[in-house]
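A.B. asks: Predicted model and sequence follow; I will ask about them next.
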Amino acid sequence: MFLKALQRRGAIVAWADRASYWIFALLLGYISLVPFYYLQPLSLERVSFHFFKYLPFLLCVALAAMRLIVIRQWREIVDKTDWAMGVYLLFCCLSLIGAKYSAIGAVKLFYYSVTGVGLFYIARSFDADSLYKILRWVAWFSMGVAIYGVVSYLVGADFFSDRWYDATHYYSGQYRLSSTLGNPMFLGGFICLTAPILIGEILVVRANLYRALLLIGVVVVAISLVLTLTRSAWIVAVFMTALWLGLSRYRRRAAKKGIKVGIGVAAAVLLLAPVVSLSLPEKTTQTTEYIGNRIMSTGFDNDTIWQRLKMLEIAGAEIASQPLLGLGFGNFTRIFVERHQRSVLNYPSISKDHSLENMYLMFAVETGLISLAAMLFFWYRRLAGLRRVFVATQDRQQRLALLAVFIGVCGFLLQILAWDGLNQPATRILFWSLIGMGYGIAQGYSGAMGHESDEAR
């Protein structure tokens, strides 16, 4: 009887493990290929529900239930050394005490935790083989997003924008490429996170035909990045290239192969440019003007610059008034409308949903300087652990996977200096999932001291 119960339990765990793998892959595919943030609500007679918008949350809940309740991976998921994350969450909760919109902030904190940092702990509970496969899915999703975006841009039509977007969506994808993310900033952040994964996949595969297909995908991704007209993403792309070169002193072979891929992508883009120019002369002229205008609009005569400087002034004042606990998690956008919106004039994009366009300032303003320091320390420890394992491991697949995750995460952390990327569900889910996957892969390394997880920490 006892043996049958154990066998039944083993079968259930095996089923749940497989099911959670597919839920995780479905989650990452959905946030990549479906612009759920902007889709119209699902109407049922007199009731409308944003089913498509909150489906990722439901998938995250299902994923957590599988790993925690069915498989019971509490020890693998909860790490008592994660005191920095504990401090951050503690101060997020404390910031809601006395906050003007404490109820809204509490709901947001729960939602953001389930679709954010919670995924770090869930993702790292998977075995390394599953994580490698999921990273491969991410590489394919990156290609799919880029191909759809470029094709819709060239043909001048976006299936989602023309049929399914709600009234809040204002990007057509014909001036700044937004693809299935629905927003050029979202797409820029998505590419910064996933492009290194795609390049890592190229370096690890051995089949020439598959590698050629992936190289075509990288070319399209590079074109998509340019067409987003997102200057922060352009800067981050240069930074990630420099970071790859900087890591060459540890792994020269991987660095050289990465450089070859970069040269090949640049050559392909240069060869394709005259072909596209001759085939679509009007579109090429228009695109060249867009890129030129975007580059030239970086001076101090641009309203955006002055608006951002004003927002920095507002952030400084709010931090100075409440440096320890801040305004309350999820409270800034509403308080901004009440206190400051009139002081930032002649900038029509400002609305009640406007943010500081800087994630670090959002942390400090809403939850205080201590929570910001705790989060920064948490990120530093995780990235330092990934780097240590990357340098030490002799496993080629592990090394390339960790390198890709490390570069993508570092690039995104640089980009959120210019926008609140962790407030956007698609990039938030992807960011925390990648860190968790990197940590899970790094846990498989057995260092000279014999501590499996110490190197990842």
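C.D. replies: Yep, it's here. Just so we're clear, the structure is a prediction, and the values are computed from it rather than from any experiment.
A.B. asks: buried residues in the helix ranked longest in the chain?
C.D. replies: Using DSSP state H, we find that the single longest helix of the chain is helix 2-33. Within helix 2-33, the residues scored as buried using 16 or more other CB atoms under 10 Å are 16-17, 20-21, 23-28, 30-32. C-beta: built from backbone N, CA, C; applies to glycine.
A.B. asks: which residues touch T230?
C.D. replies: Counting by CB atoms under 8 Å, 6 or more residues apart in numbering, T230 touches 176, 184-185, 187-188.
A.B. asks: gap between the nearest residue to V365 once chain neighbours are set aside and G246?
C.D. replies: Excluding the flanking residues, the one nearest V365 by CB to CB, 6 or more residues apart in numbering is E318, at 4.9 Å. Distance of E318 to G246, given as CB to CB, to the nearest Å: 36 Å.
A.B. asks: Ok, T427 next?
C.D. replies: 25 Å.
A.B. asks: more crowded one of the two?
C.D. replies: A count of neighbours by other CB atoms under 10 Å puts T427 above the other of T427 and G246, at 27 against 11.
A.B. asks: Count the neighbours of the residue nearest to V365 for me.
C.D. replies: 22.
A.B. asks: With the one 3 residues further on instead?
C.D. replies: S321 is surrounded by 10 other residues when neighbours are defined as other CB under 10 Å.
A.B. asks: Next: L227.
C.D. replies: For L227, the count of nearby residues is 24 (other CB under 10 Å).
A.B. asks: isn't it right next to S152, touching?
C.D. replies: No. Using CB atoms under 8 Å, L227 is not in contact with S152; the gap is 10.6 Å.
A.B. asks: And G29, what's its pLDDT?
C.D. replies: Model confidence at G29, expressed as pLDDT, equals 96.
A.B. asks: residues in contact with it?
C.D. replies: Applying CB under 8 Å, 6+ apart, one finds that G29 lies in contact with 137, 141.
A.B. asks: Could you list the low-confidence segments of the stretch 151-300 of the chain?
C.D. replies: 159-174, 248-300 (pLDDT under 70).
A.B. asks: where exactly do the helices run in it?
C.D. replies: All helices of the stretch 151-300 of the chain, identified by DSSP state H, counting those that start in this stretch, fall at 159-163, 184-204, 208-227, 231-246, 252-279, 281-296.
A.B. asks: for the second one, which positions count as buried?
C.D. replies: Buried positions in helix 184-204, judged by neighbour count with 16+ other CB under 10 Å: 184-204.
A.B. asks: quick one, that helix and helix 231-246 angle?
C.D. replies: Here the directions of helix 184-204 and helix 231-246 differ by 20 degrees (axes from the mean of the first three to the mean of the last three CA atoms, to 10 degrees).
A.B. asks: now helix 184-204: how far from the chain's centre is it?
C.D. replies: 10 Å (CA atoms, centre = their mean, to the nearest Å).
A.B. asks: I'd like to know which elements it is packed against.
C.D. replies: helix 128-155, helix 208-227, helix 231-246, helix 252-279, helix 396-415, helix 425-442 (3 or more CB pairs under 8 Å, 6 or more residues apart in numbering; DSSP states H and E).
A.B. asks: now for those helices, which one comes closest to K310?
C.D. replies: Among those, helix 231-246 comes nearest to K310, with 18.7 Å by CB to CB.
A.B. asks: Buried residues, stretch 86-97. List them.
C.D. replies: 87-89, 91-92, 94-96.
A.B. asks: Tell me, how many residues neighbour R206?
C.D. replies: Residues lying near R206 (other CB under 10 Å) number 6.
A.B. asks: residues contacting it?
C.D. replies: R206 touches nothing, counting by CB under 8 Å, 6+ apart.
A.B. asks: Fine by me, thanks again.
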